[in-house]
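K.L.:
one predicted model, sequence on top.
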Amino acid sequence: MRNMSPVLERGYAEELDAADPLAGFRDQFALDDPGLIYLNGNSLGALPRATLRRLETVIRAEWGTALARSWDHWVDLPTRAGDLVGELTGAAPGQIVVADNTTVNLYKLACAALDARPGRRVIITDRDNFPSDRYVFEGIAAQRGLELRMLDTDIDEGLDAGQVRAAVDEDTALVSLSHVAYRSGALADMAGVTEIVHAAGALMLWDLCHSVGAVPAELDRCDVDLGVGCTYKYLNAGPGAPAFLYVASRLQETLRQPVWGWFSQRDQFAMGPAYDPAAGIAKFTTGTPSILGAAAVEEGARLLLEAGLGPLRAKSMRLTGYLVELGEAWLEPLGCALATPRDGARRGGHVTYCHPEAKQLTGRLAAAGIVTDYRTPDRFRFGLSPLTTRFTDVWTAVAATRDLIKGGESHD
Ligand SMILES: *Cc1c(COP(=O)(O)O)cnc(C)c1O
């Protein structure tokens with residue numbers, strides 16, 4: 001076997017790219033600007049070429065030519081796409097549907113859960129959870145006169161299951177947390193936390209926005225009750241593509257969602273006088289779905305499934321591990337503090353650093369064609385997408401960050 005280059009040399013990154021079994025997937029994306037290093041796929045994922053072709057067909061042939069006749073095969077697209085998302089998240093068919101956005105789905109599922117636990121007055125979430133999650137629960141608590149109990153998690157190390165155990169009690173109706181923290185990338189223990197919540201008799205709602213497509217979730221195996229997630233991050237379905245929601249089969253009969261629309265009606269086209277909810281996961285939809293968006297979800301999910309969950313997680317861990325290693329050598333000595341768990345098994349697909357000039361740094365990196373993301377307070381995120389990010393991208397981005405902090409010229 002040939003000797004590898006020293007780890008800090010660009011040649012080492014080139015060797016990692018050459019040995020990467022998923023390297024070929026990058027060509028399946030419309031990443032046409034060779035000067036761009038895009039490390040923000042956990043904010044908006046890249047455009048798959050298959051999606052371009054598919055949307056052209058949906059627009060020209062299905063909408064343009066066939067018009068309303070296309071509803072024949074459009075009508076079950078949200079559940080078909082949902083089943084593919086289920087393959088990515090460990091959910092058997094019939095438990096996930098693509099609908100609305102994450103925020104609206106959080107509202108629907110939280111209300112459904114609270115109605116299923118009458119008499120219990122507490123919702124628990126994490127003070128560091130994504131804003132929409134916290135705001136939706138704050139709003140529901142205000143509307144219903146409930147208590148919103150906030151866990152104070154370490155913003156870099158993430159959630160500790162012991163904190164959940166200490167917070168739940170017989171008054172807890174619902175606990176909702178993010179599987180991967182949006183700022184730090186810390187990965188929560190889905191099985192352990194869900195078990196703690198169930199032991200208190202409460203329902204568990206997981207937000208999978210930053211895991212789907214990078215970290216496999218095992219919704220069924222972990223006995224999760226409810227889940228939501230968006231599709232425009234690692235799932236690459238594009239801006240405004242619909243989100244998904246998961247309701248475990250065992251709960252679909254008893255739960256009732258609060259937005260009663262005609263798409264969740266049992267016999268939609270009977271146009272009946274009173275609401276009679278459909279059986280199954282369709283009960284959790286509302287009105288006309290975005291067909292363009294749902295088609296893009298189907299294409300994005302197909303590509304990820306083609307790569308395979310094991311290889312996706314393996315590459316994601318190699319990418320973040322390599323970045324952390326370069327960061328140890330180049331960024332930490334310059335005043336950057338790793339703001340992501342150092343243990344690869346405890347993080348998702350992005351790596352965050354804390355630096356007093358994080359905001360200016362992301363701006364200067366962007367000016368050099370390297371797109372990362374700033375997050376409060378004083379943090380910048382490198383989002384590494386297993387289908388599109390190259391090890392050489394990681395090398396270039398960390399070297400450029402080092403040089404910008406040192407005040408030197410950026411590498412190319
Ligand atoms: C991106 C993200 C959302 C986005 O919600 P939308 O309603 O789809 O805009 C919600 N929760 C988390 C944890 C996220 O990372």
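P.N.:
Alright, I've got the coordinates.
K.L.:
so which bits of the stretch 151-300 of the chain are right by the ligand?
P.N.:
The stretch 151-300 of the chain comes close to the ligand at residues 178, 182, 207, 209-210, 230, 243, as judged by C-beta under 6 Å from any ligand atom. Quick note: C-beta positions are derived from backbone N, CA and C, even for glycine.
K.L.:
any chance you could map the strands in the stretch 251-400 of the chain?
P.N.:
With DSSP state E, counting those that start in this stretch as the criterion, the stretch 251-400 of the chain has strands at 337-338, 350-354, 370-371, 373-375, 379-383.
K.L.:
and the first one, what does it pack onto?
P.N.:
Which is strand 337-338. Judged by 3 or more C-beta pairs under 8 Å, 6 or more residues apart in numbering; DSSP states H and E, the packing partners of strand 337-338 are helix 309-330, strand 350-354.
K.L.:
I'd like the strands of the stretch 251-400 of the chain as TSV, with distance to the ligand, mean neighbour count and mean pLDDT appended.
P.N.:
Output for the strands of the stretch 251-400 of the chain, formatted as TSV (distance: least, C-beta to the nearest ligand atom, whole Å; neighbours: other C-beta atoms under 10 Å; pLDDT from 0 to 100):
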stretch	distance to the ligand	mean neighbour count	mean pLDDT
strand 337-338	20	16	98
strand 350-354	11	27	98
strand 370-371	17	22	98
strand 373-375	11	19	96
strand 379-383	11	26	97
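K.L.:
can those go into CSV with extra columns for distance to residue 141?
P.N.:
CSV is the format used below for these (distance: least, C-beta to C-beta, whole Å):
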stretch, distance to residue 141
strand 337-338, 34
strand 350-354, 29
strand 370-371, 37
strand 373-375, 26
strand 379-383, 28
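K.L.:
please identify which of those strands is closest to residue 145.
P.N.:
strand 373-375 (33.1 Å; C-beta to C-beta).
K.L.:
which strands and helices lie in contact with the closest one?
P.N.:
Packed next to strand 373-375, using 3+ C-beta pairs under 8 Å, 6+ apart, are helix 358-367, strand 379-383.
K.L.:
partners of that strand in the sheet?
P.N.:
strand 379-383 (antiparallel) (DSSP bridges).
K.L.:
could you check the angle helix 309-330 makes with the partner strand?
P.N.:
Interaxial angle of strand 379-383 relative to helix 309-330 (axes from the mean of the first three to the mean of the last three C-alpha atoms, to 10 degrees): 140 degrees.
K.L.:
need the contact partners of strand 379-383.
P.N.:
39-43, 183, 185, 323, 339, 349-355, 358-359, 361-362, 372-375, 394, 397-398 (C-beta atoms under 8 Å, 6 or more residues apart in numbering).
K.L.:
likewise for stretch 359-375?
P.N.:
Contacts for stretch 359-375 (C-beta under 8 Å, 6+ apart): 35-40, 42-43, 182-183, 352, 355, 358, 378, 380-383, 396-397, 400-401, 404-405, 410, 412.
K.L.:
that older thread, just put the helices and strands packed on strand 337-338 in CSV and tack on distance to residue 165.
P.N.:
Converted to CSV, those look like this (distance: least, C-beta to C-beta, whole Å):
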stretch, distance to residue 165
helix 309-330, 27
strand 350-354, 27
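K.L.:
how is this structure divided into domains?
P.N.:
Domains of the chain are assigned by automatic domain parsing as 6-47+308-406, 75-305.
K.L.:
ends of the shortest one, what's the gap?
P.N.:
Domain 6-47+308-406 has an end-to-end distance of 22 Å (C-alpha to C-alpha, to the nearest Å).
K.L.:
which residues touch residue 169?
P.N.:
The neighbours of residue 169, taking C-beta under 8 Å, 6+ apart as the test, are 122, 200.
K.L.:
do you know how far it is from residue 329?
P.N.:
Noted for residue 169: a distance of 47 Å to residue 329, by C-beta to C-beta, to the nearest Å.
K.L.:
now do residue 10
P.N.:
Taking C-beta to C-beta, one finds residue 10 at 13 Å from residue 329.
K.L.:
now swap in residue 28 and tell me
P.N.:
Residue 28 is 33 Å from residue 329, by C-beta to C-beta.
K.L.:
what does residue 137 give?
P.N.:
From residue 137 to residue 329 the distance is 41 Å (C-beta to C-beta).
K.L.:
how about stretch 277-285 as PDB, C-alpha atoms only?
P.N.:
The C-alpha trace of stretch 277-285 is given here as PDB (Å, rounded to 0.1, in the frame of the first residue of the first chain):
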ATOM      1  CA  PRO A 277     -61.100  12.900   9.100                       C
ATOM      2  CA  ALA A 278     -59.500  10.400   6.800                       C
ATOM      3  CA  ALA A 279     -57.900   7.300   8.200                       C
ATOM      4  CA  GLY A 280     -54.200   7.000   8.300                       C
ATOM      5  CA  ILE A 281     -51.500   9.600   7.800                       C
ATOM      6  CA  ALA A 282     -53.600  11.600   5.400                       C
ATOM      7  CA  LYS A 283     -55.500  12.800   8.400                       C
ATOM      8  CA  PHE A 284     -52.500  15.100   9.200                       C
ATOM      9  CA  THR A 285     -52.600  17.000   6.000                       C
END
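K.L.:
and the contacts of that stretch?
P.N.:
Around stretch 277-285, the neighbours that count as contacts under C-beta under 8 Å, 6+ apart are 78-79, 82, 94-97, 99-100, 105, 108-109, 112, 245, 247, 252-253, 255-257, 260-261, 263-266, 268.
K.L.:
only whichever of the residues you listed are buried, select them in ChimeraX.
P.N.:
Buried subset of the contacts of stretch 277-285, written as a ChimeraX selection, criterion 16 or more other C-beta atoms under 10 Å:
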select :78,79,82,94,95,96,97,99,100,105,108,109,112,245,247,252,255,257,263,264,265
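K.L.:
got any ranges where the stretch 301-412 of the chain has weak pLDDT?
P.N.:
Along the stretch 301-412 of the chain, the parts satisfying pLDDT under 70 run over 408-412.
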